[in-house]
Each structure stands twice: as C-alpha cells, then as structure tokens.
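Asks: I'll drop the sequence and a predicted model, then ask my questions.
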Amino acid sequence: MTNDGVIDKTTERMRAAIRKVIEDNQTSLREWCIKSGISEGTPRSFLKGRTKAIQSSNLIKMSDAVNYPIAALYGETPKQMPVTGWIREGGRVQVVDKVAEMPTVDMPTGWDPLTIAFRVAGTGALPELGDGDTVFAQDEFKAPDTLFGLRCVIRTADGQLYIGRMQSGSAPGLVTLMPINASPLIDLPSVRAMHIFTIKPAAPRG
C-alpha cells in the first residue's frame, strides 16, 4: 500500500467521524464552527474533499466545543480511563477505593497522567451538572487564591471533598466555598483545591 493510500484512508475516516459528530449533536457545521470560534471555510472545504487536512489547533477547538475526545475526530477509538469517584447531592465528592470496579470514560482533550474523572450521580447537582455528566480535574492541589471564581474540587481541613467555586473569606487564609446546589460554607481554613478543566455532559441538554 502506498503512503498516499494510507493518507486517503485516514482522511476519509476523519470526514466520516466529523459528519457523525454533526449528526449525533443534531447541529450544522456552521453552528459547530461558531461555537468553536473558528472560520467555517476550512472544515467545509475538508468535508467537500477540496482539502485534505484541518489545522490541529482548529480540531482541538472543535473537539472542546462538543466535548468529544479529539481522537474521535480523527476517526480513532478513544482511549479509556476509569472514573475515580462520584459527585453526589449538594456537590459532595465521594472517592472510591476500588477504581477497577468503576465505569470508564473517554480520555478528554488535553489529557495527561494527572487527569482524574468524577461521575455525577443523581440530580442533586442541578442546574450546573446533570445526572451522568463526567467532570475532569487535574489531580494536583493548588493554592486556593489562584483558583478563586473557577470550578474546583475542594478538600476541606476535615478531608471532605466538594465541587464548587471559591471566594475569599473574611480574613487571610480563610475561604468561602459555594458548593453546587447547597448552602455556602463560610470562612473555611486550610482548604486545598484542584482545577476542573472540562465537563462532558451525559447527553445534550437544552
């Protein structure tokens, strides 16, 4: 088989994969590109066979816009990773001991060895998160003041985990936590937090 033959098969696999994403999301290429923040011209030319590639930077933006692993846009089978815990009512996070018995999810765009995944269980985290959503975080605790206002997984001084947003407390070293669908936890000391870098909805929600 020639190299051109390999390239042509890869290209056709990508075109088929992109068309499938459009069908699965019940969208149009134009709407997808607007959501991705890119020009529609190159992807449309690619799908029509006028060009043989899309810039990798554009593919990454397209992947992020629809919460698809970038491998799926290349027509490849995405690699799997285990879910390490559950997000329960009020944004409580429950880490499990036996990860091998947990479901697996597609690795997200930007995956690295520090990535961990949590699965939302139930409707207690509505409206921000829905049942079955997957939350990806960086398993590396950072100084809380660097993550104020961002989605985080927070560990309190007593070892409890929550998902929510932090803001400064009434004095240095204290923070106020705004858990999802729960009352604020005011002036917590010694909080540690890890940044959530993407959330994959379980299914399209209007």
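Replies: Now that the structure is in, tell me what you want to look at. As the structure is a computational prediction, the values presented were derived from the model and not from experiment.

Asks: from here on, contacts and neighbour counts on C-alpha atoms
Replies: Will do.

Asks: which stretches of the protein form strands?
Replies: Listed in chain order, the strands of the chain (DSSP state E) span 80-82, 85-87, 92-95, 104-106, 115-120, 134-138, 151-155, 161-168, 174-179, 185-189, 192-200.

Asks: wait, which of these is closest to residue 18?
Replies: The closest of the strands of the chain to residue 18 is strand 104-106. By Cα to Cα, the value is 16.9 Å.

Asks: Now the closest one: buried residues?
Replies: Applying a neighbour-count criterion of 16 or more other Cα atoms under 10 Å, one finds 104, 105, 106 buried in strand 104-106.

Asks: Need the strands of the chain in JSON lines (columns: distance to residue 41).
Replies: Shown next, in JSON lines, are the strands of the chain (distance: least, Cα to Cα, whole Å):
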{"stretch": "strand 80-82", "distance to residue 41": "32"}
{"stretch": "strand 85-87", "distance to residue 41": "40"}
{"stretch": "strand 92-95", "distance to residue 41": "43"}
{"stretch": "strand 104-106", "distance to residue 41": "29"}
{"stretch": "strand 115-120", "distance to residue 41": "34"}
{"stretch": "strand 134-138", "distance to residue 41": "31"}
{"stretch": "strand 151-155", "distance to residue 41": "34"}
{"stretch": "strand 161-168", "distance to residue 41": "38"}
{"stretch": "strand 174-179", "distance to residue 41": "42"}
{"stretch": "strand 185-189", "distance to residue 41": "49"}
{"stretch": "strand 192-200", "distance to residue 41": "27"}
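
Asks: Including mean pLDDT, could the ones you listed go into TSV?
Replies: What follows is those, written out as TSV (pLDDT from 0 to 100):
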stretch	mean pLDDT
strand 80-82	91
strand 85-87	94
strand 92-95	93
strand 104-106	89
strand 115-120	94
strand 134-138	92
strand 151-155	93
strand 161-168	93
strand 174-179	93
strand 185-189	95
strand 192-200	89
